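[1] A predicted structure for the sequence below; I have some questions about it.
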Amino acid sequence: MSKGITSRAEDYSQWYNELVVKADLAEHSAVRGCMVIKPYGYAIWEKMQAVLDQMFKDTGHSNAYFPLFIPKSFFSKEASHVEGFATECAVVTHYRLKNDGNGQIVVDEDAKLEEELIVRPTSETIIWNTYKGWIESYRDLPILVNQWANVVRWEMRTRLFLRTAEFLWQEGHTAHATAEEAVAEANQMLEVYADFAENWMAVPVVRGRKSENERFAGALDTLCIEALMQDGKALQAGTSHFLGQNFAKAFDVKFTSKEGKLDHVWATSWGVSTRLIGALIMAHSDDQGLVLPPKLAPIHVVIVPIYKTAEELEKIGELANQLIAALKPHQITVKFDARDTHRPGFKFAEWELKGVPLRIAVGARDMQNGTVEISRRDNQTKETVPQAGLSDRVIGLLDDIQASIYQKAYDFRAEHTTQVNDYEEFKRVLDEKTGFVSAHWDGTVETEKRIKEETKATIRCIPLDAKEEVGNCILTGKPSSRRVLFARAY
RNA sequence: CGGGGUGUAGCGUAGCCCGGUAUCGCGCCACAUUUGGGAUGUGGAGGUCGUAGGUUCGAAUCCUGCCACCCCGACCA
């Protein structure tokens, strides 16, 4: 079970099936590819939610909630949007079941809906249909709304964490009076995501722009953050779209400007999902299990007592309670694992599997010496330290772990980002070294598609900080003015 | 939807070719000894062998249909 944890998404899936998330429990194709998020895994998601939610509020946004079901006709209003999502929608056609007389429950054909309902794959259409009623004047703008919700995309192939049929996410949908303001909003939210990924998840990301081919269905411009996993494959971790006036036109959302002119409003949408849990696992974990960044870990410190008698346990418990009390004001969660049903060695392994950043082991020997043994999850180092000043030490170590797992991921990405100038080298790097490949591209969809067919690599993004540089497309040799980032991706 | 494969205890499996009522490991329960890195011993519980039919004295095993799942591809946060 411990082999190859860092190599492929499937391996993580097997591992965490036991621990964080369980998928495919029912042997029914209908729920194929859905996931059950177990309490510990959900606690990670809740932490993520809390942080992101605050970031959204700090940038002026409010939460709202829109219906799960979307009338089919809404979808056909924005042409490219339909095209993008039509092939992966769950459709509600009836509203009642009946007994067929043979003890079987069947769909009541008399209860057919006049218009089918689509289970939302994303909420642009129903939200813009609603915004139409909210917006008349520039005084009503901007609208800065976020929704926490589940969405369903009937993917042909699912992959635990990364592409489940149903997933949890947040989707921000904003309406603005000017294009400039909407563009600024899309940029701002991309920066929020990048900030979250790097400073909370400890996952370095490339901020970039999607090529036309990879752009969101209905967007004029799609910004994204791209992360690199330990197996050398890229993962799109978040997107922020400038939608232009596409949805406003499709849903006829107009406003009167200060100057008295009638115009369609400008829109953005942006989202991140439970895929971030997958990103977290695949970016940091090792063969011993999960490695969580302290800032998102549901439990920061676990105390494992090693004892023979009830008196010993009681004394260790007192020490544990002191530490819990001392760290509580710092929002540091300490778990005292006093279970008598498992031995210390088992507990060590179990908490490592769960990625708890710090473990403190205390036994009779320590109680005599006034020490504890403190062990870091990220680099597995152990040291025996005095009990005095322990809480300060814990705070310092947690900061250090947060910084060092980021640095480790950053160094990995740096090592696995390669500049190439010819196609043979491009293919060789993808196969042997893996990771991001920075190369020139002639800017055409045809070239991008051919490269994808031949190498399975896609343009992850055109980095926002890409320098102007004269070069030639690796495939066609045509002139190119900047490098783009290719990779095989999840 | 194409191409391959698999269904046996909570999980992972042996048995199938060559028919005789199911093997082993993990896990679970009890007791004892243990407890500074996933304990050990003894005993125990747990199975419509995916499903429906056929062949047979007898089917996990052979035959047929159906169902489900997995892997590879097209699609994708």
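    Looks like it came in fine.
[2] Can you find the helix or strand of chain A with the lowest average pLDDT?
    When each helix and strand of chain A is scored by mean pLDDT, DSSP states H and E, helix A:9-17 comes last, with a mean of 53.
[3] what about the helices in chain A?
    Here chain A has its helices, by DSSP state H, at A:9-17, A:39-58, A:72-75, A:79-85, A:124-131, A:179-199, A:246-250, A:275-284, A:310-327, A:344-353, A:364-369, A:390-415, A:423-428, A:445-455.
[4] Low-confidence stretches in chain A?
    A:1-33, A:102-104 (pLDDT under 70).
[5] Leaving out sequence neighbours, find the closest residue to the residue of the stretch 51-200 of chain A found nearest RNA strand B.
    Going by Cβ to the nearest atom of the strand, RNA strand B is nearest to residue A:156 of the stretch 51-200 of chain A, at 3.5 Å. For every residue, glycine as well, the C-beta is placed using N, CA and C. Nearest residue to residue A:156 in three dimensions, chain neighbours excluded: residue A:88, at 7.9 Å (Cβ to Cβ, 6 or more residues apart in numbering).
[6] give the contact list for the one you found.
    A:121, A:153, A:154, A:155, A:156 (Cβ atoms under 8 Å, 6 or more residues apart in numbering).
[7] do residue A:69 as well
    Residue A:69 sits next to A:92, A:117, A:118, A:119, A:120 when contact means Cβ under 8 Å, 6+ apart.
[8] Which of these fall in strands?
    When DSSP state E is applied, the contacts of residue A:69 are split such that A:92, A:117, A:118, A:119 fall in strands.
[9] ok, and the closest non-adjacent residue to the first one?
    The reference is to residue A:92. Nearest to residue A:92 is residue A:117, by Cβ to Cβ, 6+ apart, at 4.2 Å.
[10] Give the bridge partners for the one you found, please.
    residue A:71, residue A:92 (DSSP bridges).
[11] count of neighbours near it?
    18 (other Cβ atoms under 10 Å).
[12] One more: residue A:343?
    11.
[13] Check residue A:317 too.
    16.
[14] what's the answer for the one 5 residues further on, then?
    Applying the criterion other Cβ under 10 Å, we find 13 residues in the vicinity of residue A:322.
[15] next one: residue A:445
    Other residues close to residue A:445 by other Cβ under 10 Å number 11.
[16] quick one: contacts for it?
    For residue A:445, the contact set (Cβ under 8 Å, 6+ apart) comprises A:211, A:212, A:213.
[17] try residue A:379
    Contacts of residue A:379 were listed using Cβ under 8 Å, 6+ apart, and they are residue A:404.
[18] For it, give its distance to RNA strand B.
    The gap separating residue A:379 from RNA strand B is 11 Å, by Cβ to the nearest atom of the strand, to the nearest Å.
[19] Now do the same contact list for whichever residue of the stretch 351-490 of chain A sits closest to RNA strand B.
    Closest approach between the stretch 351-490 of chain A and RNA strand B, counting by Cβ to the nearest atom of the strand: residue A:363, at 2.3 Å. Taking Cβ under 8 Å, 6+ apart, we find residue A:363 in contact with A:305, A:306, A:307, A:312, A:316.
[20] who are the neighbours in contact with the nearest residue to the third one once chain neighbours are set aside?
    It refers to residue A:307. Of all residues not flanking residue A:307 in the chain, residue A:313 sits nearest, at 4.4 Å (Cβ to Cβ, 6+ apart). Contact analysis of residue A:313 by Cβ under 8 Å, 6+ apart lists A:305, A:307, A:338.
[21] Save these as JSON lines, and put in distance to residue A:160 and neighbour count too.
    As requested, these are exported to JSON lines (distance: Cβ to Cβ, whole Å; neighbours: other Cβ atoms under 10 Å):
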{"residue": "A:305", "distance to residue A:160": "35", "neighbour count": "26"}
{"residue": "A:307", "distance to residue A:160": "39", "neighbour count": "19"}
{"residue": "A:338", "distance to residue A:160": "33", "neighbour count": "15"}
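[22] Next to RNA strand B, which bits of the stretch 301-450 of chain A? Give me the list.
    Selection of the stretch 301-450 of chain A residues close to RNA strand B by Cβ under 7 Å from any atom of the strand yields A:306-308, A:340, A:343-346, A:348-350, A:352-353, A:359, A:361-367, A:372-373, A:375, A:380, A:382, A:384.
[23] and those, which are buried?
    Buried subset of these (neighbour count, 16 or more other Cβ atoms under 10 Å): A:306-307, A:348, A:350, A:352-353, A:359, A:361-364, A:366-367, A:372-373, A:375.
[24] Of those residues, just say which sits nearest to residue A:67.
    residue A:353 (39.6 Å; Cβ to Cβ).
[25] just checking, the closest one touches residue A:287?
    No: contact criterion Cβ atoms under 8 Å: residue A:353 and residue A:287 do not qualify, at 10.5 Å.
[26] Relative to RNA strand B, how far out is residue A:287?
    Residue A:287 is 9 Å from RNA strand B, by Cβ to the nearest atom of the strand.
[27] what's the distance between that residue and residue A:34?
    28 Å (Cβ to Cβ, to the nearest Å).
[28] which one of the two has more residues nearby?
    Taking neighbours as other Cβ under 10 Å, residue A:287 and residue A:34 compare with residue A:34 leading, 18 against 12.
[29] my guess is the more buried one contacts residue A:165, does it?
    Yes: with contact defined as Cβ under 8 Å, residue A:34 reaches residue A:165; the gap is 5.2 Å.
[30] one step back: so the residue of the stretch 351-490 of chain A closest to RNA strand B bridges to which residues?
    In beta-bridge terms (that is, DSSP bridges), residue A:363 pairs with residue A:306.
[31] Kindly report the residues of the stretch 51-200 of chain A close to RNA strand B.
    Close to RNA strand B, as judged by Cβ under 7 Å from any atom of the strand, the stretch 51-200 of chain A has residues A:84, A:87, A:88, A:153, A:155, A:156, A:157, A:162, A:163, A:164, A:165, A:167.
[32] what number of residues lie near the first one?
    Applying the criterion other Cβ under 10 Å, we find 17 residues in the vicinity of residue A:84.
[33] Next up, the contacts around it.
    Counting by Cβ under 8 Å, 6+ apart, the residues that residue A:84 touches are A:216, A:217, A:218.
[34] Please report the distance of it from residue A:68.
    Applying Cβ to Cβ to residue A:84 and residue A:68 gives a distance of 19 Å.
[35] which of the helices of chain A sits most buried?
    The highest mean neighbour count among the helices of chain A, using mean count of other Cβ atoms under 10 Å, belongs to helix A:275-284: a mean of 26.
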